[in-house]
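**Q** Need the 3D shape of this:
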Amino acid sequence: MKRLIGYVKRFCDSVNYNEYREKDYPIGSGEIESAHKSVTQKRLKIPGATWHTSSIDPMLGLRVLRADDWLDDFWTQRNQKLLAA
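**A** Below is the predicted model:
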């Protein structure tokens, strides 16, 4: 119990739950808690797959964009920046 109380006190300023609830953001729901299984682990735990540390974050970033249905927006913005340069 002491560890839990210490944890809550230490991180109580980290997330403004009331504001998130007002905006209808998920706050630790099962959907959020289990997203790591369907978004990250599904790709990282392919049997026989190996990963270089420099390729994990970019690959996972793209998977998160796809899971959130933002992948098309990402590529559009990226191409606009490249064309503007």
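**Q** hmm, who's touching the helix or strand containing residue 76?
**A** Using DSSP states H and E, residue 76 falls within helix 71-84. By CB atoms under 8 Å, 6 or more residues apart in numbering, the list of residues contacting helix 71-84 from outside reads 62, 65. In short, each C-beta sits where N, CA and C put it, glycine included.
**Q** Can you give me the buried ones in it?
**A** By neighbour count with 16 or more other CB atoms under 10 Å, helix 71-84 contains no buried residues.
**Q** Mean confidence (pLDDT) on that helix, please.
**A** Average pLDDT, helix 71-84: 94.
**Q** contacting residues around the residue nearest the centre of the chain?
**A** When CA atoms, centre = their mean is applied to the chain, the residue found nearest the centroid is residue 64 (6.0 Å). If you count contacts by CB under 8 Å, 6+ apart, residue 64 has them with residue 39.
**Q** Please repeat the previous calculation with a cut-off of 10 Å.
**A** By CB atoms under 10 Å, 6 or more residues apart in numbering, the residues touching residue 64 are 35, 39, 40, 70, 71.
**Q** Could you check which helix or strand contains it?
**A** helix 53-67.
**Q** Show me what counts as buried in that helix.
**A** For helix 53-67, by 16+ other CB under 10 Å, it's 60, 63.
**Q** any idea of the angle that helix forms with helix 71-84?
**A** Here the directions of helix 53-67 and helix 71-84 differ by 120 degrees (axes from the mean of the first three to the mean of the last three CA atoms, to 10 degrees).
**Q** okay, now residue 47: neighbour count?
**A** Residue 47 has 4 neighbours, counted by other CB atoms under 10 Å.
**Q** any idea of the pLDDT on it?
**A** Residue 47 is given a pLDDT of 88.
**Q** which SS class is it?
**A** Under DSSP: H, G, I helix; E, B strand; the rest coil, residue 47 falls in the coil class.
**Q** Since that was my last question, I'll sign off now.
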